[in-house]
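>>> build me a model:
(one chain, ligands or ions: 1)
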Amino acid sequence: VIARGERWPERWCHRFKSADPCFSCASQSPEPPTSPAPSVYPRLSYSARLPFCRNSAARALLKVVDRKKSNLCLSADVTTKEQLLRLAEQAGPHICLLKTHMDILSDFDATVPAALLALSEKHDFLLFEDRKFADIGSTVAAQYSGGVYRIASWSHIVNAHAIAGPGILAGLKQPVEKQLKESNVEGSTVAPRGLLLIAEMSSSGSLATGSYTTANLLMAEADPEWVCGFICQRAISKEKGMIHMSPGVQLPTDEDAVAPAAAASSSSFPSTPARTGTDSLGQQYTSPRDLLVTHGTDIIIVGRAIIQAKDAAKECERYRKAGWEAYEESLAASDAKK
Ligand code: 5BU
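Coordinates of the predicted model:
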């Protein structure tokens with residue numbers, strides 16, 4: 001983690017008028033931010049990126065993705081444990097990652113994480129609690145490890161807003177380091193753990209743009225052993241070990257007039273995904289193809305489009321296939337550019 005006063009590369013410190021910028025200048029620079037270039041190509045296969053992953057959850061996830069030919073993360077936004085476990089059982093064979101919002105369950109108890117972990121082993125997927133931590137380091141350390149949910153004890157991946165500064169990364173890392181120390185003493189192995197920074201959001205009018213996104217990128221790349229990637233709408237890091245995950249994904253339903261290829265090819269501005277739809281509260285949707293081929297992201301996160309479908313397993317498979325075809329197309333496009 002970069003501490004205040006440490007150097008940031010190639011930036012000017014406006015506070016101390018020096019070429020050695022302090023941390024706060026990284027986010028307060030009045031200069032137009034060098035928008036992180038969406039360097040989509042050349043694109044490496046998931047398996048070829050493995051040696052570049054310094055974080056344990058990034059490595060575990062890329063292995064699952066490769067084994068199952070699935071870059072689909074299901075956002076299981078349901079409100080009872082029975083619905084959640086049923087959905088995880090149905091979706092399990094098709095997904096690489098199951099994303100939860102434990103705090104929307106009306107009947108959460110300690111059996112839920114245990115049952116999800118059993119399903120994650122049975123069907124070979126990882127767990128991601130979409131907790132969006134956003135407080136000072138000591139508070140997030142307590143929120144992550146304790147309370148009712150004890151997230152650090154079961155969730156392979158969590159996410160955070162970097163709004164509070166690098167202390168949030170250090171705070172969240174504490175419970176993981178404690179688990180590591182204890183495992184060294186007891187000789188047991190520790191399950192993979194990783195943090196995603198929310199560098200961009202899918203919702204309309206999101207404030208996570210420009211220099212804020214850049215500051216996320218710099219914070220993440222300063223701690224690649226702990227940060228496994230980003231929530232974003234396009235590839236923002238050139239580090240091959242960082243995973244880019246994108247929510248706000250929908251395919252046209254069979255009845256829709258818009259064909260996927262037409263929707264994707266309408267994107268002429270690489271920094272702005274071509275939106276295929278919205279909900280009534282500001283969510284914006286993009287096609288898997290636009291995210292993976294045009295914008296170079298790695299994992300699609302899909303919620304209501306799957307969980308509200310008549311047949312969730314069938315819909316999962318449709319999204320898995322679309323996500324995988326988009327990935328293969330991005331590799332072919334990369335080869336063609338060589
Ligand atoms: P949807 O039903 O596919 O719209 O659900 C998207 C999920 O992803 C939902 O759980 C959100 O909380 C989550 N999400 C998002 O939609 N956009 C973001 O930028 C982030 C998370 Br961060």
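
>>> which residues in the stretch 151-300 of the chain form helices?
167-186, 210-221, 260-265, 288-289 (DSSP state H, counting those that start in this stretch).

>>> looking at those, which one is packed in the most?
helix 288-289 (a mean of 26; mean count of other CB atoms under 10 Å). (Each C-beta comes from the backbone N, C-alpha and C, glycine too.)

>>> what is the neighbour count of D335?
11 (other CB atoms under 10 Å).

>>> contacts only, for it.
Going by CB atoms under 8 Å, 6 or more residues apart in numbering, D335 touches no other residue.

>>> grab the nearest non-local neighbour of the residue of the stretch 51-200 of the chain found nearest the ligand.
Relative to the ligand, the nearest point of the stretch 51-200 of the chain is S75 (4.0 Å; CB to the nearest ligand atom). Distance criterion CB to CB, 6 or more residues apart in numbering; nearest residue to S75, sequence neighbours excluded, is G303 at 3.5 Å.

>>> need the pLDDT of that neighbour.
Looking at G303, its pLDDT reads 98.

>>> what distance do you get for it to I243?
To I243, G303 is 19 Å away according to CB to CB, to the nearest Å.

>>> what of S155?
Distance from S155 to I243, by CB to CB: 16 Å.

>>> coming back round to it: least reliable of the helices of the stretch 151-300 of the chain going by mean pLDDT?
The bottom spot among those, by mean pLDDT, belongs to helix 260-265, with a mean of 37.

>>> and T80, how many neighbours?
T80 is flanked by 13 other residues according to other CB under 10 Å.

>>> R59 now?
The tally of other residues near R59 (other CB under 10 Å) stands at 19.

>>> what of K238?
Neighbour tally, K238, other CB under 10 Å: 12.

>>> turn the helices of the stretch 151-300 of the chain into TSV, columns for distance to K122.
Converted to TSV, these look like this (distance: least, CB to CB, whole Å):
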stretch	distance to K122
helix 167-186	23
helix 210-221	32
helix 260-265	32
helix 288-289	26
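
>>> reformat those helices as a markdown table; add distance to the ligand.
Formatted as a markdown table, the helices of the stretch 151-300 of the chain follow (distance: least, CB to the nearest ligand atom, whole Å):
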| stretch | distance to the ligand |
| --- | --- |
| helix 167-186 | 15 |
| helix 210-221 | 12 |
| helix 260-265 | 16 |
| helix 288-289 | 12 |
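
>>> what ranges do the strands span in the stretch 151-300 of the chain?
Counting by DSSP state E, counting those that start in this stretch, the stretch 151-300 of the chain has strands at residues 157-160, 194-198, 227-231, 243-246, 275-278, 284-286, 299-302.

>>> and the ones you listed, which is most packed in?
strand 227-231 (a mean of 29).

>>> quick check: beta-bridge partners of F128?
K99, I157 (DSSP bridges).

>>> for the ligand, give me its nearest residue in the chain.
For the chain, CB to the nearest ligand atom, closest residue to the ligand: G303, 2.7 Å.

>>> hmm, that residue is touching P247, no?
Yes. Between G303 and P247 there is a contact at 7.5 Å, judged by CB atoms under 8 Å.

>>> okay, the two: which has more neighbours?
P247 (25 against 21).

>>> quick check: closest non-adjacent residue to that one.
I301 (3.9 Å).

>>> I'd like the distance between the one you found and C316.
In terms of CB to CB, I301 sits 13 Å off from C316.

>>> likewise for G187?
Where C316 is concerned, G187 sits at a distance of 38 Å (CB to CB).

>>> just K81 next, same as before
K81 is 20 Å from C316, by CB to CB.

>>> and the two? which has more neighbours close in?
For K81 versus C316, the count of surrounding residues by other CB under 10 Å is larger for C316: 25 against 18.

>>> what about that one, which SS state?
Classification of C316 using DSSP: H, G, I helix; E, B strand; the rest coil returns helix.

>>> so what's it up against?
With contact taken as CB under 8 Å, 6+ apart, C316 is in contact with 72, 74, 90-91, 94-95, 306.

>>> how many neighbours does K310 have?
Using other CB under 10 Å: K310 sits among 6 other residues.

>>> can you say which helix or strand has it in it?
Under the criterion DSSP states H and E, no helix or strand holds K310.

>>> got a list of what it touches?
Applying CB under 8 Å, 6+ apart, no residues contact K310.

>>> which secondary structure elements does the helix or strand hosting L116 contact?
For L116, the host element (DSSP H and E) is helix 111-123. On a contact count with 3 or more CB pairs under 8 Å, 6 or more residues apart in numbering; DSSP states H and E, helix 111-123 meets helix 81-91, strand 97-100, strand 126-133.

>>> possible to save those as TSV with mean pLDDT and distance to L251?
Shown next, in TSV, are the helices and strands packed on helix 111-123 (pLDDT from 0 to 100; distance: least, CB to CB, whole Å):
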stretch	mean pLDDT	distance to L251
helix 81-91	98	16
strand 97-100	99	18
strand 126-133	98	21
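
>>> ok, and which of these has the densest surroundings?
Taking mean count of other CB under 10 Å, strand 97-100 is the most buried of the helices and strands packed on helix 111-123, at a mean of 25.

>>> which residues sit against that one?
61, 64, 72-76, 84, 88, 91-92, 116, 119-120, 125-130, 155, 157, 299, 301, 303.
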